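Novice: based on what follows, work out the 3D shape:
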Amino acid sequence: MMSLKVPTVKRLREDLDYLINLAFRAQQLEPEVAALRLVLQGVEGRKISPAQIQWALDYARRDPEGCLSYLEMAPEIQPL
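Specialist: You can find the predicted model right below:
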């Protein structure tokens, strides 16, 4: 017969604190994740060249809506 362990109050508090901290950290990282996704979208859509990646990341971090607007209007980069 299996015995089920009942979590202690201390363990529940530790788990809750861990999850709260994890959620807070995820919330802090969301703008960076959004900027990376935006730039990757631009690179994959051939709107940003490899030489423009750092510039685009800086722009996306500073002004995500402006960067999105740029990507919508930018012509597709043609390979040489």
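Novice: mind giving me the packing neighbours of the lengthiest helix in the chain?
Specialist: Assignment by DSSP state H gives helix 9-44 as the longest helix of the chain. Contacts defined by 3 or more C-beta pairs under 8 Å, 6 or more residues apart in numbering; DSSP states H and E place helix 9-44 against helix 53-62, helix 64-73. The way it works is simple: take the backbone N, C-alpha and C, and place the C-beta from them, glycine included.
Novice: ok, now how distant is the residue minimising distance to the centre of the chain from L57?
Specialist: By C-alpha atoms, centre = their mean, the chain has its centre lying nearest to V33, at 1.1 Å. Taking C-beta to C-beta, to the nearest Å as the measure, V33 falls 12 Å from L57.
Novice: sorry, back to before: do you know the pLDDT at the residue nearest to the centre of the chain?
Specialist: pLDDT for V33: 95.
Novice: try Y59
Specialist: Listed pLDDT for Y59 reads 98.
Novice: over to M2?
Specialist: 59.
Novice: what's stretch 63-75 in contact with?
Specialist: Stretch 63-75 is contacted by residues 31, 34-35, 38-39, 41-42, 45, 47-48, 56, 59-60 when judged by C-beta atoms under 8 Å, 6 or more residues apart in numbering.
Novice: could you dump the residues you listed into CSV with distance to L12 and neighbour count added?
Specialist: Formatted as CSV, those follow (distance: C-beta to C-beta, whole Å; neighbours: other C-beta atoms under 10 Å):
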residue, distance to L12, neighbour count
P31, 32, 12
A34, 33, 15
A35, 36, 19
L38, 39, 21
V39, 41, 24
Q41, 41, 15
G42, 45, 23
G45, 47, 13
K47, 49, 19
I48, 47, 25
A56, 44, 21
Y59, 44, 20
A60, 40, 26
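Novice: return the member of these nearest to Y18.
Specialist: P31 (22.9 Å; C-beta to C-beta).
Novice: surely the closest one is in contact with R61?
Specialist: Yes - under the criterion of C-beta atoms under 8 Å, P31 makes contact with R61 at 6.9 Å.
Novice: show me where pLDDT drops low in this protein?
Specialist: Where the chain drops to pLDDT under 70, the residues are 1-4.
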